[in-house]
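> make a model of this:
(one chain, ligands or ions: 1)
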Amino acid sequence: MIKETALFPQQVYQIANDIRDMKIRGAGRIAKAAAEALKIAAESYKGEDLEDFKRYIKEAAKLLTSTRPTAVSLPNAVSWVLKALNTNVNTLQAAREAVINQANSFIQYADQALRKIAEYGEKMLRDGDTVLTHCNSLAAISVIVEAHKKGKKLHVFATETRPMYQGYITSEMLLKEGVNVTLIPESSVRQIIRKVDRVIVGADTVAANGAVVNKIGTSLIALAAHERAVDFFVATETFKFSPYTLIGDIVPIEFRPPSEIVGVDFLKSHPNLRILNPAFDVTPPNYITGIITELGIIPPKAAAIIIEEMYGRPVISSEILGRVEEDIS
Ligand SMILES: O=C(COP(=O)(O)O)[C@H](O)[C@H](O)COP(=O)(O)O
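Numbering: from 1, shown residues only. Below you'll find the model as predicted:
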């Protein structure tokens with residue numbers, strides 16, 4: 001549990017806890033929730049001092065970015081909103097309005113980006129294609145659903161995505177739209193890939209070298225696709241591109257609790273058993289056919305150009321990010 005103080009309204013702590021506990025999950029949804037939380041914080045500020053307000057919003061930013069380390073959409077969304085404090089705001093009221101407007105503009109941008117990704121991405125899917133997807137990515141799903149709406153007959157293999165089974169959510173979402181879905185364990189991918197025409201997944205972070213960080217298991221799927229020359233697409237908003245990797249940061253991989261893998265009783269009865277539960281992995285750029293963004297479909301090697309154009313240098317310091325390398329020993 002994140003320690004609650006009287007500083008922020010309860011809703012802000014609730015959002016932070018929900019991100020940490022994966023009740024709000026998926027890089028795009030996490031980013032929008034963080035922007036929403038900053039907006040709520042700004043609206044509820046009770047003080048009367050501009051500098052104090054700025055400190056308060058930065059504290060809220062710190063709280064939110066501390067919840068999950070891997071998806072760069074979270075600090076990018078927070079940076080987007082914090083830009084409000086870098087503009088010429090001279091009064092508390094102006095600063096409050098600027099934060100609220102920036103948060104709204106991020107949420108609006110995120111919604112529009114998903115629509116654009118669907119539009120560009122559906123062109124990569126052909127009538128009759130069998131598509132494989134992993135985890136639960138709104139960006140990847142938006143592409144599949146758009147192609148389906150355009151009348152293309154698709155069959156989708158959705159991986160279960162252990163240990164948290166996000167593949168069930170994906171299956172439900174696709175079935176609701178009338179798409180044919182088969183749920184498979186991800187361990188069967190090398191067996192199934194011979195039936196697959198296209199792989200499409202989402203991203204938590206795209207690094208400057210075009211490598212993509214996504215749900216654990218993605219890189220094994222990419223390897224299997226590469227082996228059989230199956231096209232492997234990543235659908236992602238550009239706010240999942242990491243400006244930090246442009247200046248040499250490596251993407252921190254989140255390790256989640258052992259209890260997501262085995263029951264507490266099993267853990268108790270085998271105290272010497274060590275369990276590792278990495279939540280994400282890295283797919284190298286040479287396994288990726290194209291990255292479908294709201295700006296168009298780019299080769300992975302063009303990631304650095306997008307980052308430079310969109311962000312320049314990072315806006316918030318690694319101190320606010322609170323980024324700490326995970327101990328995997
Ligand atoms: O890896 C995950 C979710 O991991 P988790 O469930 O651990 O958050 C998704 O593939 C990306 O976040 C992209 O999702 P979207 O396209 O919806 O942003």
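
> quick check, Pro163 in a helix?
No: under DSSP: H, G, I helix; E, B strand; the rest coil, Pro163 sits outside any helix and is assigned coil.

> residues from this structure in reach of the ligand?
22, 25-29, 71, 135, 137-139, 166, 202-204, 214-215, 279 (Cβ under 6 Å from any ligand atom). In this view, the C-beta of every residue, glycine as well, is placed from N, C-alpha and C.

> please name the nearest non-neighbouring residue to the closest residue to the ligand within the stretch 201-329 of the chain.
Residue nearest to the ligand within the stretch 201-329 of the chain: Gly202 (2.9 Å; Cβ to the nearest ligand atom). Nearest residue to Gly202, sequence neighbours excluded (Cβ to Cβ, 6 or more residues apart in numbering): Ser137, at 2.5 Å.

> what about that neighbour, distance to Leu114?
As for Ser137, its distance to Leu114 is 10 Å (criterion: Cβ to Cβ, to the nearest Å).

> what does Tyr120 give?
11 Å.

> any shared contact partners between those two?
Glu294 (Cβ atoms under 8 Å, 6 or more residues apart in numbering).

> which residue ranges make up each domain of this protein?
10-115, 120-311 (automatic domain parsing).

> pLDDT of the longest one, averaged?
This points to domain 120-311. For domain 120-311, mean pLDDT rounds to 97.

> quickly find the element holding Leu273.
Following DSSP states H and E, there is no helix or strand that holds Leu273.

> where along this structure do the strands fall?
Along the chain, the segments classed as strands by DSSP state E run 130-133, 155-159, 180-184, 198-201, 205-206, 212-215, 231-235, 280-283, 290-293, 296-298.

> columns mean neighbour count on top of those strands, output as TSV?
Compiled in TSV, those are given as follows (neighbours: other Cβ atoms under 10 Å):
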stretch	mean neighbour count
strand 130-133	25
strand 155-159	24
strand 180-184	16
strand 198-201	26
strand 205-206	28
strand 212-215	28
strand 231-235	25
strand 280-283	21
strand 290-293	26
strand 296-298	16
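
> any idea which of those strands gets closest to Leu38?
Nearest of these to Leu38, taken as Cβ to Cβ: strand 205-206 at 20.5 Å.

> show me the contact partners of the closest one.
Residues contacting strand 205-206 (Cβ under 8 Å, 6+ apart): 27, 70-73, 212-213, 234, 236, 240-242, 245, 251, 291, 300, 303.

> mind checking how far stretch 107-121 is from the chain centre?
14 Å (Cα atoms, centre = their mean, to the nearest Å).

> for that stretch, buried residues please.
Of all the residues in stretch 107-121, those buried under the rule 16 or more other Cβ atoms under 10 Å are Ile107, Tyr109, Ala110, Ala113, Leu114, Lys116, Ile117, Ala118, Tyr120, Gly121.

> next one: stretch 122-139
122, 124-125, 129-139.

> can you check stretch 84-91 too?
Ala84, Leu85, Val89.

> got the contact list for that stretch?
Under Cβ under 8 Å, 6+ apart, the answer for stretch 84-91 is Leu50, Lys54, Ile57, Lys58, Ala95, Ala98, Val99, Asn101, Gln102, Val315.
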